[in-house]
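*Asks:* sequence and predicted structure, then a few things I'm wondering about:
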Amino acid sequence: MSEKVVDPSNLSIEDLLHEQRKFPPSKEFQSQANINDESIYELAAKDPETYWANWAKELKWSQPWSKVCEWTPPHAKWFLGGKLNASVNCLDRHVENGLGNKTAILWEGEPGDSRTLTYQQLLDEVSRFANGLRKLGIRKGDRIAVYMPMTPEAIIACLATARIGAVHSVVFGGFSAESLSDRIQDASAKLVITGDFGWRRGKKVLLKQAVDEAVVTCPTITNIVVLKRDQKITLADDQCYMVSGRDVWWHELVEGLDSVCEPEEMDSEDMLFTLYTSGTTGKPKGIVHTTGGYMTGVYATTKWVFDLKPDDVFWCTADVGWITGHSYIIYGPLSNAATIVVYEGAPDAPDKGRFWQIVEKYKVTIFYTAPTAIRAFMKWGESWPQKSDLSTLRLLGSVGEPINPEAWMWYHKYIGGEKIPIVDTWWQTETGAIMITPLPGLTTTKPGSATKSFPGISAEVLNEKGEKVEAGGGYVCITKPWPSMLRTIFNDDQRYVDTYWSKWNKETYFPGDGIKKDEEGYFWFLGRVDDVMNVAGHRIGTAEVESALVDHEVVAESAVVGKKHDIKGEAIVAFVIVKEGITPSEELLQELKQHVSKKIGPIARPEDILFTADLPKTRSGKIMRRLLRDVADGKALGDTTTLADPTVVESLRKKYEAIEE
Ligand code: PRX
């Protein structure tokens, strides 16, 4: 077990709860909402299996299940014996229902190019590409790495993979070649689907170049499919080199292929995808999601949490490289036949009004983003959203980290015009779908609180000993299995058991978040309680950054912590001991930041690095990260009595204050 950074049970409710504002749903919203009957909570809690089975029945199955749930703690199976295909549920059934001409994707590239795909067109493209994958020898169960720019093809790649029963492992395009390589190796992927480049703040991100570097150490890769991001732009060979026999252009692969592709019939428990996420050790975990339960969870939550209606235009601003993109760009909205907006680039390209121009242009009605983005918008000022017509918006969402009440209120006022509901949704890569959230037609919201469990989800607060906390601080836990839960960690079931099901007992899921429950039973998330940072809504393990640092030849030891940051929520601070004979310098500091960025990706680049001769350690040699966090946050130092040498931390603090000035 990793060292705890926060013990949330020490927090009294008074310490944290000063928020008094409440926002009940408006009568207009309530009356039209997909769910506005409070009794659903009780009904679902009484008989969760029937409740979830009713949701699953709204999907298309080629064979019904014979049993709803089999729970052999900590392993669950859902809808046993049922057969379905995720791409059929996202495409074919809508076309069969007469929605072929409905817009599925409204895509906007960063430079301003755009494309629209109807459900029929999306089905054709997916089928053609799925035939292409089959032509390359990809079969059911094979793993495919997807490392793509945010174009419709990123979605097509996932749905085509699902169509033929292969397993996608999407890797965020901002990750480095080495991170990509680690993930390909862990999953023994056969194929990489990538693009020659993608746009980010007016610059080309050279994806294929990174793939080439990555696959040098990936003997399982037989082919690389490359999307040409723009037919009018051809990169030079040193930026995108196609290796003959191994690399194939997407457009050449699909040329002349049939737009009909027989879907693979998948068992409910067949794997749909794996997605790597950071944990408390250096090695990322391949979270495994299966087909029937995952599809049920994302379908249900999209319909109720976002109150999705046929005419809505739904924009989730995440990248498909994260779970939010999987669940609320691809599988949740498309299984609900929604019209989605997909945007390739940065929110400030070419100017800070880009998101709002997109909302106006596509008449977005539901907008789902992260607190880190909201805090950036706040900093940029309300004049940017005020330049665009946001009157089509009817619901706002937040995800990825705790939203501070100030950011919530700004979102409510300047984006929502003080009229529309905000859903603050708590969940994880592991949970697959939203777990704790308001239901917009039912829940009175409080700024900063994710409110209550989704119907059918049993969340509670426990203290260190595993006792239930009725009101106060503790750890959030889930006490019953749910359909979209992770099934295991790819190739490492023991790690699955140890990480999530061993804190109290093997029937209780431990997500690793600190939480507090108020007298009205509302949940308030406090952040991670383990050595995982949340930087701009992205999970990064302290151990990952530490191992990237010690990989540099001059570094002897390092300790990494997250410090509070106004926009990113947390920023990375590294304390570094260099080897004998090395003199720390500004150049070395920059070189180390660059080294981490190259090893993991720019998202892991430390904000500050402090060279030090010592680290605060316990007498048994464990680094006391809690004290380093206090140093980084400029707080009074916590208990230092267990330190082997208490002077170390004080001198660190003085040094850190000096560089902060
Ligand atoms: O700490 C919680 C935080 O993000 C973690 C999950 O990260 P990831 O698997 O990358 O998924 C992010 C998108 C679902 C959680 O353990 N988190 C996510 N949403 C919230 C949140 N913390 C507070 N409030 C939220 N709404």
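*Replies:* Looks like it came in fine.

*Asks:* from here on, just use CA atoms for contacts and neighbour counts.
*Replies:* OK.

*Asks:* the closest residue to Ile330 other than its chain neighbours: neighbour count?
*Replies:* Once flanking residues are discounted, Ile330 sits nearest to Ile155: 6.6 Å by Cα to Cα, 6 or more residues apart in numbering. Other residues lying near Ile155 total 23 when counted by other Cα atoms under 10 Å.

*Asks:* and the closest residue to Ala636 other than its chain neighbours, how many residues sit next to it?
*Replies:* Among residues not flanking Ala636 along the chain, Asp630 sits closest, at 6.6 Å (Cα to Cα, 6+ apart). Using other Cα under 10 Å, Asp630 has 18 other residues around it.

*Asks:* phi, psi of Asp630?
*Replies:* Backbone torsions of Asp630, given as degrees, to the nearest 10, read phi -60, psi -40.

*Asks:* picking that back up, what's the helix or strand containing the residue nearest to Ile330 packed up against?
*Replies:* Using DSSP states H and E, Ile155 sits in helix 152-163. Applying 3 or more Cα pairs under 8 Å, 6 or more residues apart in numbering; DSSP states H and E, one finds that helix 152-163 contacts helix 86-87, helix 119-135, strand 143-147, strand 167-170.

*Asks:* 6 Å - rerun?
*Replies:* Where contact means 3 or more Cα pairs under 6 Å, 6 or more residues apart in numbering; DSSP states H and E, helix 152-163 is packed against helix 119-135.

*Asks:* buried stuff in the helix it packs on?
*Replies:* Within helix 119-135, the residues that qualify as buried are 119-134, counting by 16 or more other Cα atoms under 10 Å.

*Asks:* try stretch 21-39
*Replies:* Buried residues in stretch 21-39, counted by 16+ other Cα under 10 Å: 25, 29-30, 33-36.

*Asks:* how about TSV for these, with distance to Thr640 added?
*Replies:* Formatted as TSV, those follow (distance: Cα to Cα, whole Å):
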residue	distance to Thr640
Pro25	48
Phe29	53
Gln30	53
Ala33	54
Asn34	54
Ile35	52
Asn36	52
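
*Asks:* pick the one among these closest to Gly569.
*Replies:* Checking those against Gly569 by Cα to Cα gives Pro25 as the nearest, at 28.3 Å.

*Asks:* measure the residue of the chain most remote from its centre to Gln239 for me?
*Replies:* Distance from the centre of the chain peaks at Gly581, with 42.2 Å (Cα atoms, centre = their mean). Gly581 sits 38 Å away from Gln239, going by Cα to Cα, to the nearest Å.

*Asks:* which residues in the stretch 201-350 of the chain form helices?
*Replies:* In the stretch 201-350 of the chain, helices defined by DSSP state H, counting those that start in this stretch lie at 207-215, 250-254, 291-305, 323-325, 332-335, listed in chain order.

*Asks:* skipping adjacent residues, who's closest to Arg93 in space?
*Replies:* Once flanking residues are discounted, Arg93 sits nearest to Lys60: 7.3 Å by Cα to Cα, 6+ apart.

*Asks:* ramachandran coordinates for the one you found?
*Replies:* Phi and psi for Lys60, reported as degrees, to the nearest 10, are phi -100, psi 120.

*Asks:* and it, how many residues sit next to it?
*Replies:* Number of residues near Lys60 (other Cα under 10 Å) recorded here: 18.

*Asks:* report the contact partners of His565.
*Replies:* By Cα atoms under 6 Å, 6 or more residues apart in numbering, His565 lies in contact with Ala571.

*Asks:* let me fix that, I meant to ask about Cys69.
*Replies:* Contacts of Cys69 (Cα under 6 Å, 6+ apart): 77-78.

*Asks:* now do the buried residues in the helix or strand harbouring it.
*Replies:* Using DSSP H and E, Cys69 sits in strand 67-72. Under the neighbour-count criterion of 16+ other Cα under 10 Å, strand 67-72 has 68-69 buried.

*Asks:* go on, stretch 339-356?
*Replies:* 339-347, 349, 352-356.

*Asks:* what's the most distant pair in the residues you listed?
*Replies:* Farthest-apart pair in those is Thr339 and Lys352; separation 24.9 Å (Cα to Cα).

*Asks:* how about the residues of the stretch 251-400 of the chain near the ligand?
*Replies:* 324, 399-400 (Cα under 6 Å from any ligand atom).

*Asks:* one more time with 8 Å, if that's ok
*Replies:* The stretch 251-400 of the chain comes close to the ligand at residues 277, 322-324, 398-400, as judged by Cα under 8 Å from any ligand atom.

*Asks:* for Val288, grab the count of nearby residues.
*Replies:* Val288 has 23 neighbours, counted by other Cα under 10 Å.

*Asks:* just confirm it contacts Leu486, I think it does.
*Replies:* Yes - at 5.5 Å, Val288 counts as touching Leu486 under the criterion of Cα atoms under 6 Å.

*Asks:* and the pLDDT at Gln20?
*Replies:* As predicted, Gln20 sits at a pLDDT of 83.

*Asks:* quick one, grab the pLDDT at the closest residue in space to it that isn't next to it in sequence.
*Replies:* Nearest residue to Gln20 in three dimensions, chain neighbours excluded: Lys446, at 7.4 Å (Cα to Cα, 6+ apart). On the pLDDT scale, Lys446 is placed at 96.

*Asks:* ok, Lys446 to the ligand distance?
*Replies:* 13 Å (Cα to the nearest ligand atom, to the nearest Å).

*Asks:* same question for Gly521.
*Replies:* From Gly521 to the ligand the distance is 16 Å (Cα to the nearest ligand atom).

*Asks:* and for Val205?
*Replies:* If you measure Val205 against the ligand using Cα to the nearest ligand atom, the figure is 22 Å.

*Asks:* next: Asn89.
*Replies:* 22 Å.

*Asks:* I'd say that residue and Asn336 touch.
*Replies:* No - using Cα under 6 Å, Asn89 is not in contact with Asn336, being 8.6 Å away.

*Asks:* picking that back up, make TSV from the helices of the stretch 201-350 of the chain and add mean neighbour count to it.
*Replies:* Listed next are the helices of the stretch 201-350 of the chain as TSV, based on neighbours: other Cα atoms under 10 Å:
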stretch	mean neighbour count
helix 207-215	21
helix 250-254	17
helix 291-305	25
helix 323-325	21
helix 332-335	26
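
*Asks:* want to try a markdown table for the ones you listed, with mean pLDDT and distance to His565 as columns?
*Replies:* What follows is the helices of the stretch 201-350 of the chain, written out as a markdown table (pLDDT from 0 to 100; distance: least, Cα to Cα, whole Å):
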| stretch | mean pLDDT | distance to His565 |
| --- | --- | --- |
| helix 207-215 | 98 | 29 |
| helix 250-254 | 98 | 41 |
| helix 291-305 | 99 | 29 |
| helix 323-325 | 98 | 22 |
| helix 332-335 | 98 | 32 |
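
*Asks:* which one, of those, ends up nearest to Leu227?
*Replies:* Checking these against Leu227 by Cα to Cα gives helix 250-254 as the closest, at 4.9 Å.

*Asks:* for that closest one, packing partners?
*Replies:* Here helix 250-254 touches helix 119-135, strand 223-227, going by 3+ Cα pairs under 6 Å, 6+ apart.

*Asks:* give me the residues contacting stretch 246-258.
*Replies:* Identification of contacts with stretch 246-258 by Cα under 6 Å, 6+ apart yields 128-129, 132, 223-227.

*Asks:* now stretch 608-619
*Replies:* Counting by Cα under 6 Å, 6+ apart, 573-577, 623-624, 642-644, 648-649 sit against stretch 608-619.

*Asks:* quick check on these: which are buried?
*Replies:* With neighbours counted by 16+ other Cα under 10 Å, the contacts of stretch 608-619 contain buried members at 573-577, 623-624, 643, 648-649.

*Asks:* how about the residues of the stretch 451-600 of the chain near the ligand?
*Replies:* Contact residues, the stretch 451-600 of the chain versus the ligand (Cα under 8 Å from any ligand atom): 511-513, 524-528, 534, 537-539.

*Asks:* can I get those in TSV with distance to Gly474?
*Replies:* As requested, those are exported to TSV (distance: Cα to Cα, whole Å):
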residue	distance to Gly474
Pro511	12
Gly512	11
Asp513	9
Trp524	11
Phe525	10
Leu526	10
Gly527	11
Arg528	12
Asn534	19
Gly537	22
His538	23
Arg539	21
